[in-house]
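Colleague: next input, structure requested:
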Amino acid sequence: MMKLYGHELSGNSYKVKLMLSLLGLDYEWMQVDVMAGEHKQPEFLALNPFGQIPLLVDNDTVLADAQAILVYLARQYGNESWLPADPLSLARVVRWLSTTAGEIRQGPESARLYHLFKIPNINWERTEQKSTFILTQLNDHLRDRQWLECDRPTIADIAAFPYVSLAPDGQIDLAPYPNILAWCDRIRQLPQYVEMKTIA
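Modeller: Modelled structure (predicted):
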């Protein structure tokens, strides 16, 4: 059985849990106490030298990074609906994986870290500006479509969803972004969707 190492308050851990559920896959949850620094201990570093969660172990495959894990799960256990094979559609999905690791991380994810976990050395004014920028872009992108790409849910949606939905944890109001709110509701209606308790 697969093992997923993570923390229940981690949006990156959650997106992998969500993908596993959407694919109907069984796995064992391995709690990593990041607050106590368990992810920096030798036992965990032997699995992931980067000392980061989430981490997926599937038989002999050990894979870190939430976006990379989504790609693996979609290709290994899903079908082309989650990760298209044609070059242009694939490129468009990968663009959102990059946006998740870039603008969304620098905006809503950092805002959440600042307010919920009191992470020091985060420039709040810059984080707020980054949040406004990416949420405006995302809201505009969703103006005439239901999903980020391909007219169907893909791992692009699953990658971007958690920290966008968690924006209120970082005191970022989603009310000005009705297209994002509607998109979040559509994701919550997916078969076998699982909730993250801190998602607003």
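Colleague: next, the buried residues of the helix or strand of the chain with the lowest mean pLDDT.
Modeller: Scoring the helices and strands of the chain by mean pLDDT, DSSP states H and E places helix 42-45 at the bottom, with a mean of 83. Neighbour-count burial for helix 42-45, counted by 16 or more other CB atoms under 10 Å, picks out residue 44. Glycine gets a C-beta too; all of them are placed from N, C-alpha and C.
Colleague: check contacts around the most centrally placed residue in the chain.
Modeller: Centroid check for the chain by CA atoms, centre = their mean gives residue 159 as the closest residue, at 3.8 Å. Residues in contact with residue 159, defined by CB atoms under 8 Å, 6 or more residues apart in numbering, are 15, 66, 67, 70, 96, 97, 100.
Colleague: nearest spatial neighbour of the second one, chain-adjacent residues omitted?
Modeller: So that's residue 66. residue 12 (3.9 Å; CB to CB, 6 or more residues apart in numbering).
Colleague: so the one you found touches residue 64, yeah?
Modeller: No - taking contacts as CB atoms under 8 Å, residue 12 lies outside contact range of residue 64: 10.3 Å.
Colleague: which neighbours do those two share?
Modeller: residue 54.
Colleague: looking at this, residue 57 is in a strand?
Modeller: Yes - counting by DSSP: H, G, I helix; E, B strand; the rest coil, residue 57 is found in a strand.
Colleague: where does the chain dip in pLDDT?
Modeller: 197-200 (pLDDT under 70).
Colleague: tell me the SS of residue 48?
Modeller: coil.
Colleague: can you name the residues that contact it?
Modeller: Residue 48 makes contact with 5, 39, 55, 62, 64, according to CB under 8 Å, 6+ apart.
Colleague: which of those are buried, as a PyMOL select command?
Modeller: Here is the PyMOL command that selects only those of these that count as buried (16+ other CB under 10 Å):
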select buried, resi 5+39+55+64
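Colleague: using PDB, write down the CA coordinates of the lengthiest helix in the chain.
Modeller: In the chain, assigned by DSSP state H, the helix with the most residues is helix 124-141. C-alpha atoms of helix 124-141 as PDB (Å, rounded to 0.1, in the frame of the first residue of the first chain):
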ATOM      1  CA  TRP A 124       3.300  41.200   4.300                       C
ATOM      2  CA  GLU A 125       2.900  44.100   1.900                       C
ATOM      3  CA  ARG A 126       4.600  42.300  -0.900                       C
ATOM      4  CA  THR A 127       2.700  39.100  -0.100                       C
ATOM      5  CA  GLU A 128      -0.600  41.000  -0.200                       C
ATOM      6  CA  GLN A 129       0.300  42.500  -3.500                       C
ATOM      7  CA  LYS A 130       1.300  39.100  -4.900                       C
ATOM      8  CA  SER A 131      -2.000  37.700  -3.700                       C
ATOM      9  CA  THR A 132      -4.100  40.400  -5.300                       C
ATOM     10  CA  PHE A 133      -2.200  39.900  -8.600                       C
ATOM     11  CA  ILE A 134      -2.600  36.200  -8.900                       C
ATOM     12  CA  LEU A 135      -6.200  36.100  -7.600                       C
ATOM     13  CA  THR A 136      -7.100  38.800 -10.200                       C
ATOM     14  CA  GLN A 137      -5.400  36.800 -12.900                       C
ATOM     15  CA  LEU A 138      -7.100  33.600 -11.900                       C
ATOM     16  CA  ASN A 139     -10.500  35.200 -11.600                       C
ATOM     17  CA  ASP A 140     -10.200  36.800 -15.100                       C
ATOM     18  CA  HIS A 141      -9.000  33.400 -16.500                       C
END
